[in-house]
Every structure is written in C-alpha cells, then in structure tokens.
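Trainee: heads up, no residue letters with this:
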C-alpha cells in the first residue's frame, strides 16, 4: 500500500443493503495514523484497515491513545468447558464454536491472554474511551477483575436477547437465548454516550444473525448488524477510530464502514479474515 494511512475521506458512505439514521453524515475531517501502519494493515473499503494475525501482535503497532472505541467479541473460554461436561457436540451444528479449536485454552491460559488484551487496550484507547465486549455470563466476574486491574472503570453489564434462538433441548431445560455484554471506560468514569436525551436500557433484542448477512460465509458466533450498529452509534461519533481485535467475520467493521467510523480490525483465522474482506468490499 502506498501513501499515508489517511482515515476518514471527505464523503459519506452510501449503503443500499442497510438502513441508517438520515442525520449521520461524515464530517469533512481527515484523521491520520502513521504511515508505518501501512505495512501492517490492509486498506479495505473507504474506512477499514484490516490485519490477519494475532491481535496482541498488531495492537502493539497501534499508537498510544489513538482509538476511541474498542468493540469486540473475544473467545468465551467455553470450548473445553463444554467438552468436559460431555455435551453431545455431534448433534450441534457443524460450525459450532466448540469444534473451532480457537476456544480450547485452559482457564489459566485464557485468563493470561485476556490480561494481555486489557493491558494493550488500556494503552491504545484514549482516556475516557469506551470498551464494549461480549462475554459469557459465567465469565463476567473475571472480565471485570482483569479490566479494573488495567485502568478500566466498570459501567455495566447488559443482555442481548435473541428472539429466535436454536431450540435445542427445549423439552429438557430453558433454551439459551441470551448473551452478555460489558461496558467499560478507560481511565475515566464517563465517555461518549449518544442517547439523544432518551433512556437506553441495558438490554437489546434482535433475531440471531440473518442468512443474508452470511452471504460470504458464516462465523459460529457472528453477531447481527442491527446489534453492532446499536453500540457503534451510541459509543462513538462519525470520524472516530473503532478497533475490533477479535474481528471474526467483521460485523463491527461493517457497521463502521456504513456509519462513517474508521475501523481497525484484526482476525487470527484466514478464513474469517477473507469473509470480512468480501463483506466490506460488497458495500462499495
């Protein structure tokens, strides 16, 4: 790639596939990061810069205090948990995360990796920048403890309710229809919160990710765009820099490309990285 990594061109993204607020316009501001990042991140679309590899390696090349929002969906450390419970994985869908191999760390290994993630997140996020992360309910206490160790102020934990979850074992127990999200502020107590003077609850409800959003391939924990748009709008402004270190199939990047936020995304698995590239390119 040639030239400086100039973030946020002077025009608005037009996205026919999605419907967004009509008053969201791209401000005529050029926001730049060092040219050195051109060697590490690939420019895709108008606002996205992507990298394929370990997020901790790529976060280290991102300048200090340069990110406004981290919105991400890290591994929940449930792979071995499900195997140890002798869950009948053969009856689950083929692309279930328990088959993936990327969520099979021991708790101690996972905790250490998340500790390193919070350390780098504290560095790259500006003061009073926001961190929004999805997580399993049984790991919430661990995430709050690790975040607070690294300068993050815990704001709240909320719930995403899926209106049409897979009704597996519906005659045996309660159907799993929720996931948690946690909201932190970096080295502060308040940050960007675009509520338009309206009450916004710590609960959001959508369907699971629709098939039309899996046109270029599916990720086992892919979140719907409606959900990601909700948080990107509230916790960032047009022209801000949003980072997703566990990018998956790129739903955060899709929201940023459509809503006029600069996006830095990192994904370890080449297969999912390519899905993200295709999805964002499809918006052009």
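Mentor: Happy to help now that I have it. Since the structure is predicted, the reported quantities are computational estimates derived from the model, not experimental observations.

Trainee: and for stretch 171-182, what's in contact with it?
Mentor: 131-137, 140, 143-144, 147, 154, 156-163, 165-169, 231 (CB atoms under 8 Å, 6 or more residues apart in numbering). Placement of C-beta: from N, CA and C, glycine included.

Trainee: can you classify the residue at the greatest distance from the centre of the chain by secondary structure?
Mentor: What lies farthest from the middle of the chain is residue 171; by CA atoms, centre = their mean that is 33.3 Å. Secondary structure for residue 171, judged by DSSP: H, G, I helix; E, B strand; the rest coil, is coil.

Trainee: can you offset everything so residue one is 754?
Mentor: Okay, residue one is now 754; in that scheme the one you just asked about reads as residue 924.

Trainee: does residue 953 lie in a helix or a strand, and which?
Mentor: Assigned by DSSP states H and E, residue 953 falls within no helix or strand.

Trainee: hmm, it is touching residue 987, no?
Mentor: Yes: with contacts counted by CB atoms under 8 Å, residue 953 reaches residue 987, the gap being 6.7 Å.

Trainee: so those two - more neighbours on which side?
Mentor: Using other CB atoms under 10 Å, the more surrounded residue of residue 953 and residue 987 is residue 987, with 17 against 13.

Trainee: ranges for the strands of the stretch 804-953 of the chain?
Mentor: 820-825, 878-888, 905-915, 931-939 (DSSP state E, counting those that start in this stretch).

Trainee: give me the sheet partners of the shortest one and which way each runs.
Mentor: Its sheet considered, strand 820-825 pairs with strand 878-888 (parallel), strand 994-997 (parallel) by DSSP bridges.

Trainee: comparing these, which comes out most buried?
Mentor: strand 994-997 (a mean of 28; mean count of other CB atoms under 10 Å).

Trainee: quick one: low-confidence residue ranges for the stretch 804-953 of the chain.
Mentor: Along the stretch 804-953 of the chain, segments meeting pLDDT under 70 span 831-857.

Trainee: in the chain, which residue is closest to the centre?
Mentor: residue 825 (2.5 Å).

Trainee: could you measure it against residue 1001, distance?
Mentor: 9 Å (CB to CB, to the nearest Å).

Trainee: and residue 970, by the same measure?
Mentor: From residue 970 to residue 1001 the distance is 11 Å (CB to CB).

Trainee: now do the shared contacts for those two.
Mentor: residue 1025.

Trainee: please identify which of those two sits among more neighbours.
Mentor: Using other CB under 10 Å, the more surrounded residue of residue 970 and residue 1001 is residue 1001, with 24 against 15.

Trainee: secondary structure element holding the more buried one?
Mentor: Short version, using DSSP H and E: residue 1001 is in no helix or strand.

Trainee: for the one 5 residues further on, same thing?
Mentor: When elements are defined using DSSP H and E, residue 1006 is found to belong to helix 1004-1012.

Trainee: how far off centre is the helix or strand just after that helix?
Mentor: Per DSSP H and E, helix 1004-1012 leads on to strand 1015-1020 as the next helix or strand towards the C-terminus. With CA atoms, centre = their mean, to the nearest Å as the basis, strand 1015-1020 stands 9 Å off its chain's centre.

Trainee: angle of strand 1015-1020 against strand 820-825?
Mentor: Orientation of strand 1015-1020 against strand 820-825 (axes from the mean of the first three to the mean of the last three CA atoms, to 10 degrees) gives an angle of 40 degrees.

Trainee: for strand 1015-1020, packing partners?
Mentor: If contacts are counted by 3 or more CB pairs under 8 Å, 6 or more residues apart in numbering; DSSP states H and E, strand 1015-1020 sits against strand 801-805, helix 808-812, strand 994-997, helix 1004-1012, helix 1023-1034.

Trainee: now these as CSV including distance to residue 933?
Mentor: Converted to CSV, these look like this (distance: least, CB to CB, whole Å):
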stretch, distance to residue 933
strand 801-805, 27
helix 808-812, 21
strand 994-997, 18
helix 1004-1012, 17
helix 1023-1034, 22
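
Trainee: contacting residues for the residue nearest to the centre of the chain?
Mentor: Applying CB under 8 Å, 6+ apart, the residues near residue 825 are 885-887, 996-1000, 1005.

Trainee: any chance of those residues in CSV with distance to residue 1034 as columns?
Mentor: Shown next, in CSV, are those (distance: CB to CB, whole Å):
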residue, distance to residue 1034
885, 25
886, 27
887, 25
996, 20
997, 17
998, 21
999, 21
1000, 15
1005, 16
